[in-house]
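Undergrad: based on what follows, work out the 3D shape:
(2 chains)
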Amino acid sequence: MHKSFLILKREYLTRVRKKSFIILTLLVPFLFAGFTILPAWLAMQDDEEERTIGVYDASNQFSLRWEDTEFTNFEFIPEAEFESIQNDMKSSKYYAVLHIPEDILNTNRARLLSDKQVTFDIKNMIGGKLENLIESDKKAVIIDESGIPDLEEKLEAARTRIQLETIKVDDKGGAVKSSTEIAMAVGYAAGFIIYMFVFIYGAMVMRGVMEEKTSRIVEVIISSVKPTQLMFGKIVGIGLVGLTQIVFWLILIFLIVTGMQVFLTPDQAELMQQSQNMMAANPQLQGAAQENAVLNIIDMVGNLNIPLILGSFLFYFLGGFLMYSSLMGAVGAAVDHEEEAQQLMLPITIPLIFSIIILFPVVKNPEGALAFWASMVPLTSPVIMMVRVPYGVPLWELLLSMGILVASIYGTIWVAGKIYRTGILMYGKKVNFKEIVKWLFYHN
Amino acid sequence: MEIFKATNVVKDYAGHRALDEVSLTVKEQSIFGLLGPNGAGKTTLIRIINQITAADQGEIELFGRKLKASDIQHIGYLPEERGLYKKMKVGEQALYLAQLKGLSKHDALKGLKYWFEKFEIQPWWNKKVEELSKGMQQKIQFVITVVHKPKLLIFDEPFSGFDPINAKLLKNEILNLKEQGATIIFSTHNMASVEEVCDHIALINRSKKILDGQIDAIKEQYKQDIYEVETSTDHDVTAEFSRNGFQLIDYQLKGQTQRVKFQLEHETPTNILLQNLMDKMEIRSFREVIPSMNEVFIQVVEQANPKKQAHA
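TA: Residues are numbered from 1 along each chain as shown, chains lettered A, B, ... in the order given. Alright, predicted model coming up:
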């Protein structure tokens, strides 16, 4: 055990001290924040640039009812000016020029001319303005024809939105507010992290074994320790590297998100204020759901069985890693070159990739036959069962799946150990599956 | 005293017997040469001693009792195909491998310091292995093999990759280690080095031991009653041989000296021939031709594998 620990320590330290590991561990949370939180935050920031937009209204319908917005001014221009601007967009004072054709009511088409790409917000805002004006004209005509004066208000009142609350009733009749969306998100994320981790760190085990084999240091080492000790130390050491990375990521992401929240608080307070004002002004708008969205999410995350989810995440995380990395380690031992490894890796990666392919169907229907069997088969269960756990899985299914996984890990390690011990000292032999099966019956 | 003893060791791989009833004994504080053509089974035997693999049948004894797992730390093994972690620093790596052999960190550092100073390679301590030349790496490898003061050392082709100067340094270190009490098993194809350092050899061919003994005794055994005599050129010496029952093998005339190689045919005492020659000319030298280990090796292996040419 002492020697396994020495090996584990080396495997762990050499990898954790690598520059690439440190950079990746520190960078990914910031990238994650950058790709998810930042765009959302930026989207919340108003576009505060003052712009003037020229409007040439050939239909002569809108000029009186057109209003400026906070940062955008509109100037109606005559045809002659429009023609000249069109020829020299760049030197005009307008950010863009809106051309409303004469027959807009028939074609539903207008043009926005600019020398640069018009921003998404401006385009939406102008389109919206046009739509609203034309719609209200049309509505006015309909109201006139029908002879019902308050038709518009009545139609507005008829508009309905349903908030469907999902409640899970447990055995004792207690009701727990559940959220399909949140269970889905947690399951998907957990399954995907396991997949990534198993893939990346399993391949790392394989490369580690190959490094020892091709550099020929392995014979020196296994004249000091048992091959199984070497393999054990390597797998556990690399597993801990992965765990270190995940833990760092979680801590850093947590810190970044909290930091962002502190940073964003004034805006949020404003938002709350606004929605409350809106409620007061418009009581039938059912704004309550919106206001409570954040609280609801927190509430429903709290209703997830967090200890169970964390516990099974850890279990399937390590279980999946142990199984796949021992197989990949065996592949590393069996081959001499990276190219040969590809061929042997394929059958191992197929079930892993398969579990990512069926991830979505399983997320949509976590109780289906596919979900059930895929969460029992040990090659797919680490990913698939983890997707199902946040939805709540019958205890017997969870225990059965875990039991099968543990038994399979024992079996896999035995098989992998056999291949490893034979392969690690075998050079210059083109290895295929038939050959490897033969190795299983060697007695070393 | 016998430090190592193998009795009727058999090792099978799928469809192929790597060792067939091999028995060997190695005396304490001696250098034992384990010889044989490629693929004969030497490496398998070495791996069995190192417990990398186990024998299917037969007994292995070390230090006078059955081989056990903890014996590993009393064995130093320099494999033929050797390497180090390329990206790891020399000192860190040597320390790691020494600790794997069971040394405490303190003892490992002390031992490494001694050897690094002896070979004057302390400046390499913080270099990465990939920055060193192949010969330098071999030196590090040697240090790692001996740093835990093993009682039994196994060297598989230790001189390959060394230039003549470093090979000589290494040879002296191996002899030194023997002086200090270590026993050495030495596997090689280099027959010249066998003759220089080995006390005792065993020859394995096609999984079987076909020769075993003291070097001198083996040479004695394989000598073929061939003699060489040098005489003055007063008379033609060749005429004397067939007449007296000796087979002439080789004749050379060099300046004022005739050199003749001949073989005894009927165990006629050579003295008769010499007396005969002495009457007619002056004898400059006379000696029995003892075969070199290289000749013995080729002769024995070719006898054992009559059709296929052995690659020595």
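
Undergrad: where do the domain boundaries of chain A fall?
TA: Domain segmentation of chain A under automatic domain parsing yields A:51-144, A:180-439.

Undergrad: distance between the ends of the longest one?
TA: With Cα to Cα, to the nearest Å as the measure, the ends of domain A:180-439 fall 49 Å from one another.

Undergrad: now for residue 223, how many residues are close by?
TA: Using chain A here. 23 (other Cβ atoms under 10 Å in any protein chain shown). Any C-beta I mention is one placed from the backbone N, CA and C, and that applies to glycine too.

Undergrad: the intended chain is chain B.
TA: 15.

Undergrad: got it, and A:Asn124?
TA: A:Asn124: 10 surrounding residues under other Cβ under 10 Å.

Undergrad: ok, B:Gln275 next?
TA: Neighbours around B:Gln275, by other Cβ under 10 Å: 10.

Undergrad: show me what contacts the residue in the stretch 51-200 of chain B that chain A sits nearest to?
TA: Nearest to chain A, among the residues of the stretch 51-200 of chain B, is B:Gly83, at 3.5 Å (Cβ to the nearest Cβ). Residues near B:Gly83 by Cβ atoms under 8 Å, 6 or more residues apart in numbering or on different chains: A:215-217, A:220, B:137.

Undergrad: swap in 7 Å and give it another go.
TA: By Cβ atoms under 7 Å, 6 or more residues apart in numbering or on different chains, the contact set of B:Gly83 is A:215-217.

Undergrad: cool, and A:Arg216?
TA: Taking Cβ under 7 Å, 6+ apart, one finds B:81-83 in contact with A:Arg216.

Undergrad: deepest-packed of the domains of chain A, please.
TA: Comparing the domains of chain A by mean neighbour count (mean count of other Cβ atoms under 10 Å in any protein chain shown), domain A:180-439 comes out on top with a mean of 18.

Undergrad: give me the buried positions along the single longest helix found in chain B.
TA: The helix that spans the most residues within chain B, counting by DSSP state H, is helix B:164-179. Under the neighbour-count criterion of 16 or more other Cβ atoms under 10 Å in any protein chain shown, helix B:164-179 has B:166-167, B:169-171, B:173-174, B:177-178 buried.

Undergrad: please apply the same query to stretch B:9-17.
TA: B:9, B:11-12, B:17.

Undergrad: now tabulate the residues you listed in TSV and tack on secondary structure and pLDDT.
TA: As requested, the buried residues of stretch B:9-17 are exported to TSV (DSSP: H, G, I helix; E, B strand; the rest coil; pLDDT from 0 to 100):
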residue	secondary structure	pLDDT
B:Val9	strand	89
B:Lys11	strand	88
B:Asp12	strand	84
B:Arg17	strand	85
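
Undergrad: between these, which is closest to chain A?
TA: Among these, B:Asp12 lies closest to chain A (Cβ to the nearest Cβ), at 8.9 Å.

Undergrad: and the closest one, what does it touch?
TA: Counting by Cβ under 7 Å, 6+ apart, B:Asp12 touches B:Asp56.

Undergrad: just A:Ser215 next, same as before
TA: B:83-86.

Undergrad: tabulate those residues (a markdown table), appending pLDDT.
TA: Below are the contacts of A:Ser215 laid out as a markdown table (pLDDT from 0 to 100):
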| residue | pLDDT |
| --- | --- |
| B:Gly83 | 86 |
| B:Leu84 | 90 |
| B:Tyr85 | 91 |
| B:Lys86 | 89 |
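
Undergrad: make JSON lines out of those residues and add secondary structure.
TA: What follows is the contacts of A:Ser215, written out as JSON lines (DSSP: H, G, I helix; E, B strand; the rest coil):
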{"residue": "B:Gly83", "secondary structure": "coil"}
{"residue": "B:Leu84", "secondary structure": "coil"}
{"residue": "B:Tyr85", "secondary structure": "coil"}
{"residue": "B:Lys86", "secondary structure": "coil"}
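
Undergrad: helix, strand or coil for the closest residue to B:Thr270 other than its chain neighbours?
TA: Once flanking residues are discounted, B:Thr270 sits nearest to B:Tyr227: 6.1 Å by Cβ to Cβ, 6 or more residues apart in numbering or on different chains. At B:Tyr227, secondary structure determined by three-state DSSP is strand.
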